[in-house]
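Novice: Let's see this in three dimensions:
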Amino acid sequence: MMRKYALVVALLIGLSSSSFARDEGRYADDPLKHWFDNLSSGLGMCCSFADGLSISDVDWEVKDNHYRVLLRGDWITVPDSAVVTEPNRYGPAVVWPYMDNKGNTMIRCFLPGAGG
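Specialist: Okay, here's the model as predicted:
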């Protein structure tokens, strides 16, 4: 049983790591590409959708008047300046995480889900 659990965890980690890839053209014909490419937060441009990670409703929440997202097993508070304030035309929430020079997961942009 533990081996199956370890395999599932390893697969999830591997799949989540691939979500941090750059846009190599696979979204070139997407009707929302231009909109995503021009999204920004108070921290600057969010970059393309390929740089972001679409997250399900159970993986983000509001706690103490701040957004939080679940990334790689940890709840991370989204800085207010990282919140994209324009309406979400895509639907699901999207987060643009990055690693700082100490290996901490940081958030450059967070687009709340259309229902949030």
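
Novice: Could you use CA atoms for every contact and neighbour count after this?
Specialist: Will do.

Novice: tell me the helices in this protein, going along the chain?
Specialist: With helices called from DSSP state H, the chain shows them at 2-18, 33-37.

Novice: contacting residues around residue 113?
Specialist: Going by C-alpha atoms under 8 Å, 6 or more residues apart in numbering, residue 113 touches 57, 88, 91, 92, 93, 94.

Novice: Which of the helices of the chain has the lowest mean pLDDT?
Specialist: Ranked by mean pLDDT, these bottom out at helix 2-18, with a mean of 40.

Novice: how about stretch 64-78: buried residues?
Specialist: 67, 68, 69, 71, 76, 77, 78 (16 or more other C-alpha atoms under 10 Å).

Novice: Next: stretch 104-111.
Specialist: Across stretch 104-111, burial judged by 16+ other C-alpha under 10 Å covers 106, 107, 108, 109, 110, 111.

Novice: Tell me, how many residues neighbour residue 55?
Specialist: Look at residue 55: counted by other C-alpha atoms under 10 Å, it has 18 neighbours.

Novice: Verify the stated contact: it with residue 97.
Specialist: No - look at residue 55 against residue 97 with C-alpha atoms under 8 Å: they stay out of range, at 11.7 Å.

Novice: distance of residue 92 from residue 55?
Specialist: Note on residue 92: its distance to residue 55, by C-alpha to C-alpha, to the nearest Å, is 7 Å.

Novice: Identify the bridge partners of the most centrally placed residue in the chain.
Specialist: Residue closest to the mean C-alpha point of the chain, counted by C-alpha atoms, centre = their mean, is residue 95 at 2.1 Å. Beta-bridge partners for residue 95, by DSSP bridges, are residue 53, residue 110.
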